[in-house]
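Asks: Just need the structure, nothing else, for what follows:
(one chain, ligands or ions: 2)
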Amino acid sequence: IGLADASFMGSGSERRYEDLCRNIISDMNQYGLSVVDDFLGMETGLKILNEVRSMYNAGAFQDGQVVTNQTPDAPAVRGDKIRGDKIKWVGGNEPGCSNVWYLTNQIDSVVYRVNTMKDNGILGNYHIRERTRAMVACYPGSGTHYVMHVDNPQKDGRVITAIYYLNINWDARESGGILRIRPTPGTTVADIEPKFDRLIFFWSDIRNPHEVQPAHRTRYAITVWYFDAKEREEALIRAKLENSKTNNLAAQAQAQQAEPDS
Ligand SMILES: O=C(O)CCC(=O)Nc1cc2ccccc2cn1
Ligand SMILES: [Mn+2]
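Replies: Residues are numbered from 1 along each chain as shown. Ligands and ions are numbered 1, 2, ... in the order given. Below is the predicted model:
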């Protein structure tokens, strides 16, 4: 995986930006994932980290969906959590999020660029015009993890997952917290350390099941998901159909109840 060095924001050289995008295009076509180190440089990375820390310390994060998968017959032990992260969704330019907002703008420009460059292979099949808000996540250490899963298993429109890590001097040997991606089909495994100022991309669908291994140190990450216009459009139409179907069923049920017994 071409570990591109991309503190292009510092040196601001167009050439390095082009090279970075070329690297991402070839990684995404070859591996379905890409790792970019030194994306924004130390100074900007630190501003983002400090902003996230102050959000977290202000108690602005909620528990990620916590589903205990208690096996029915097992003794009532503490349900092992599906995931232990705490999250906060950050939209446009809310107060106190200007550095996260700057990050999402930088990632946007890379994604829109690789999506429109010529000879971009699979990336050319998508038409990326929208993304989710930024999901700021914190694994508070003490073994919190996230089980193996697929981000978009059912064509909800999301095609690229982009994750930016904020963890200075992360050493997985003592802190764990590795993101393990198991690209399918295939037998390879990509173990990615959540290193400071590292940006990764991977296909959001079933091509990339992934997990976060137990983290023993506070682990911050910021994720945005990019939509393909067509897949998103179709997903929204399906959702509307589903919705109207259930509404009709409910209305019918309501009506039946209302009818006097025949
Ligand atoms: O932090 C990492 O290295 C990746 C963690 C991760 O996969 N997070 C995540 C978080 C999610 C939150 C809501 C719905 C789906 C989700 C899928 N994945
Ligand atoms: Mn995920």
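
Asks: contacts, neighbours, all on C-alpha from now
Replies: OK.

Asks: Mind listing what's buried along stretch 149-156?
Replies: For stretch 149-156, a neighbour-count test (16 or more other Cα atoms under 10 Å) marks 149-152, 155-156 as buried.

Asks: what residues does the stretch 101-250 of the chain put near ligand 1?
Replies: 151, 179, 212, 221 (Cα under 6 Å from any ligand atom).

Asks: Please indicate which of those has the highest neighbour count?
Replies: The most crowded member of these is Val212, carrying 25 neighbours; neighbours defined as other Cα atoms under 10 Å.

Asks: Tell me the secondary structure at it.
Replies: With DSSP: H, G, I helix; E, B strand; the rest coil as the basis, Val212 sits in strand.

Asks: and if you look at Asn50?
Replies: With three-state DSSP as the basis, Asn50 sits in helix.

Asks: Give me the neighbour count for it.
Replies: With other Cα under 10 Å as criterion, Asn50 counts 13.

Asks: okay, it: pLDDT?
Replies: The model reports Asn50 with a pLDDT of 98.

Asks: That one and Asp171, how far apart?
Replies: To Asp171, Asn50 is 20 Å away according to Cα to Cα, to the nearest Å.

Asks: and if you look at Val224?
Replies: From Val224 to Asp171 the distance is 25 Å (Cα to Cα).

Asks: neighbour count winner among these two?
Replies: Val224 (23 against 15).

Asks: Quick check: closest non-adjacent residue to that one.
Replies: Ala134 (4.9 Å; Cα to Cα, 6 or more residues apart in numbering).

Asks: burial count for that neighbour?
Replies: Other residues close to Ala134 by other Cα under 10 Å number 21.

Asks: for Gly143, same thing?
Replies: By other Cα under 10 Å, neighbour count at Gly143 equals 16.

Asks: In contact with the most centrally placed residue in the chain, which residues?
Replies: Central residue of the chain (Cα atoms, centre = their mean): Thr223, 3.8 Å from the mean position. Applying Cα atoms under 8 Å, 6 or more residues apart in numbering to Thr223 gives the contacts 134-137, 161-164.

Asks: Any stretches of the protein with poor pLDDT?
Replies: Scanning the chain for pLDDT under 70 picks out 1-12, 65-83, 258-262.

Asks: so what's the residue nearest to Val224 up against?
Replies: Here Ala134 is in contact with 89-91, 100, 104, 222-224 (criterion: Cα under 8 Å, 6+ apart).

Asks: Noted, bye for now.
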